[in-house]
Every structure is written in C-alpha cells, then in structure tokens.
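Provided below for reference: sequence and predicted model.
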Amino acid sequence: SALSRFGVIYVMTHDSIGLGEDGPTHQPVEMLESLRSTPNCIVYRPADSNETVAAYQTAMTKTTTPTVICCSRSTVPALENSDVEKAMKGAYVAVESETPDLVLIGTGSEVGPCV
C-alpha cells in the first residue's frame, strides 16, 4: 500500500517489549524498524488514548499514505501531559524540566514507566 499510495489504516495489536501475562508478544519489535524504514508509511505507537486519537485523526486525513497504528494489549494509563494536538505533530516532550539530569526517550506502552 505504501508503493501503491493507498490510504490504508493498519492496526497492529500486542505491541510491547514486555512479557505479558500469557507469554511473549506476538509482534516482535523488529517489525517497528521495518515499518518505520518503509517509504511513504506513517507509523504510530501510541502511549495512551490521546495519542491513539491523534493516530486515527492523522490516518483519516492521509488518502495516499498508509498508516500503521501499533497498539499494546496492556491497559496503559492516561499520561498527565499527553495531548492530541502535540501527538499529531509527532514526538513531543512529556515532562518539561529546565535543567534535566537525564533524558529518557520512549514510545508506546513504555512511556508510562519512563515518566
């Protein structure tokens, strides 16, 4: 669909680097690397419900670009500073600090434990 320029929405489930209660994930993390390196393909790995809304809203406006939304099977908490508008722009700072000692970068269900 990326080469043919189709505006398809793919929803992938069971995305996580963690071990679930019923065993390993069904979607290896290597899939994300492959999808992100595909030209003309948008990949979202939402960290909460606001980011999932942003992924769907973006996907609905892309008529010539496929969108892949990689969702976790786990229940993820709403992030305090998450925002649909910020998520639609791509990466954003979840917790602001004037003088950070450490910068953590995360996507998907791993953002919650990072913050």
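Here it is on my side, so go on. Bear in mind the structure is a predicted one, so any value in this text is a computation, not a measurement.

quick one: secondary structure of the closest residue to S74 other than its chain neighbours?
Leaving aside its chain neighbours, S74 sits nearest to S109 (5.4 Å; criterion: C-beta to C-beta, 6 or more residues apart in numbering). Where you see a C-beta, it was placed from the backbone N, CA and C, and this is true even at glycine. Look at S109: counting by DSSP: H, G, I helix; E, B strand; the rest coil, its state is helix.

tell me, how many residues neighbour S109?
By other C-beta atoms under 10 Å, the residues close to S109 number 23.

with D83 instead?
Using other C-beta under 10 Å, D83 has 14 other residues around it.

returning to that earlier point: the residue nearest to S74 against A47, yeah?
Yes. If you go by C-beta atoms under 8 Å, S109 and A47 touch, sitting 7.0 Å apart.

any residues in contact with both of those two?
Counting by C-beta atoms under 8 Å, 6 or more residues apart in numbering, the shared contacts of S109 and A47 are V76.

span of stretch 70-79 from start to end?
Taking C-alpha to C-alpha, to the nearest Å, the first and last residues of stretch 70-79 lie 17 Å apart.

give me the buried positions along that stretch.
C70, C71, S72, R73, V76, L79 (16 or more other C-beta atoms under 10 Å).

again with stretch 102-115
By 16+ other C-beta under 10 Å, the buried positions in stretch 102-115 come out as T107, G108, S109, E110, V111, G112.
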